[in-house]
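Novice: Below are the sequence and a predicted model; questions follow.
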Amino acid sequence: MADINIFDQSYVWLSLYFFLNLGLTLYNKAVMQLFDFPFPWTLTGVHALCGAIGSYTFHWLGIFSPSRLSERESMVMLLFSVLYTINIAISNVSLHLVTVPFHQVVRAMTPIFTIVLSITFLKKQFTTMTYISLLPVVLGVVFATVGDYYFTKMGFFLTVLGTILAALKTVVTNRVQVGRLKLHPLDLLLRMSPLAFVQTVIYAYVTGELQRVRAFSRTEMTTSLVFALITNGVIAFFLNVVSFTANKKTSALTMTVAGNVKQVLSIILAVMIFNLTITPTNGLGIFLTLVGGWFFLIFNDFISIIKYLIRMSLLINRYDIGAWYA
């Protein structure tokens, strides 16, 4: 039985991804509302800084050893960090030009763009059942976020562009971990986080947020807020590690579908915690997304689950036979 390591199973990492992602989403909302801290770039910078400190600490403890990269591969990591921060930037900017329901509906198309990118650049093929299982997930998010659909032309363009970049980021994350580079998730975080932190600070400065944060810190910064921000950063660090690991053990498409399901679960928790109301149409969308997401994840991980059960059964039988002859 010692040969079975539960942390080698993809569904374990997906479960951790759901738990931490939902937790961080609600924690971010709490920090911005309870402490009146409306600085998304600064919050992202805290996440990146904690990612850098956390990954370096694990490296110092000998948990992993960074790979040696060539100059070209180092440039790839730089471009990846730019993609990471640009994706956040475009998403934040587009939210000011479109309504939240429209933004969520377009972002629900991320699995579709992931499929297109995977087929175009990675020559991947997907089964008919994969396409069928995606339909309720996408339609579910559309129904779950029914509301005021308003957008400008620029807002529409930036929202679609941000969705494409989100899909591209997920695909690239998978490739740098399972492709030729085969980076350890902590190694990837160690290389990306410092670059992302510097870029985030630059964005905060350009947008004027850094100046507002300085003014805020002189009068409003408290010990409780500092502790809340540090805790938020620690959760974000572990979420990044779990997200990268889950991406490595599953696929880019699975992660985008999981993101859609997480989005709907956030709505459910928001209804429960913040006393929000939903319409019957929203309820139908939540049901479709959860059922579709469950079907997709179970169907696409079905083979690995069967292999795991067979392997466990063989080990149990081997243990019993050995004990019998002993």
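Specialist: Everything's here; your move. Residues are numbered from 1 along each chain as shown.

Novice: Does anything pack onto whichever strand or helix holds Phe113? Which helices or strands?
Specialist: Phe113 is part of helix 110-122, with elements assigned from DSSP states H and E. The contact analysis (3 or more Cβ pairs under 8 Å, 6 or more residues apart in numbering; DSSP states H and E) places helix 110-122 against helix 128-144, helix 153-178, helix 252-273. C-beta here means a position set from N, CA and C on the backbone, and glycine is covered the same way.

Novice: Which among these is found nearest to Thr85?
Specialist: helix 153-178 (10.2 Å; Cβ to Cβ).

Novice: That closest one to helix 110-122, inter-axis angle?
Specialist: Helix 153-178 and helix 110-122 meet at an angle of 60 degrees, taking axes from the mean of the first three to the mean of the last three Cα atoms, to 10 degrees as the criterion.

Novice: Would you mark the buried spots in helix 153-178?
Specialist: For helix 153-178, burial by neighbour count (16 or more other Cβ atoms under 10 Å) applies to 155, 158-160, 162-177.

Novice: Output the below-cut-off pLDDT ranges for the stretch 1-150 of the chain.
Specialist: 1-9, 32, 92, 95-96, 99-101, 145-150 (pLDDT under 70).

Novice: need the helices for it, in chain order.
Specialist: For the stretch 1-150 of the chain, the helices defined by DSSP state H, counting those that start in this stretch cover 10-34, 40-60, 71-95, 100-107, 110-122, 128-144.

Novice: Centre of the chain to the fourth one, how far?
Specialist: This means helix 100-107. 17 Å (Cα atoms, centre = their mean, to the nearest Å).

Novice: so what secondary structure elements neighbour it?
Specialist: helix 128-144, helix 153-178.

Novice: Helix 128-144 and that one, what's the angle between them?
Specialist: Using the same axes, to 10 degrees: helix 100-107 against helix 128-144 is 170 degrees.

Novice: Pull helix 100-107 out as CSV, backbone CA atoms only.
Specialist: In CSV, the C-alpha atoms belonging to helix 100-107 read as follows (Å, rounded to 0.1, in the frame of the first residue of the first chain):
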residue,chain,number,x,y,z
VAL,A,100,-20.1,42.4,-14.8
PRO,A,101,-22.7,39.9,-16.2
PHE,A,102,-21.4,40.6,-19.8
HIS,A,103,-17.8,40.2,-18.6
GLN,A,104,-18.6,36.9,-16.9
VAL,A,105,-20.4,35.5,-20.0
VAL,A,106,-17.5,36.3,-22.3
ARG,A,107,-15.0,34.8,-19.8
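
Novice: now the helix holding Phe113, how far from the centre of its chain.
Specialist: Using Cα atoms, centre = their mean, the offset of helix 110-122 from its chain centre is 17 Å.
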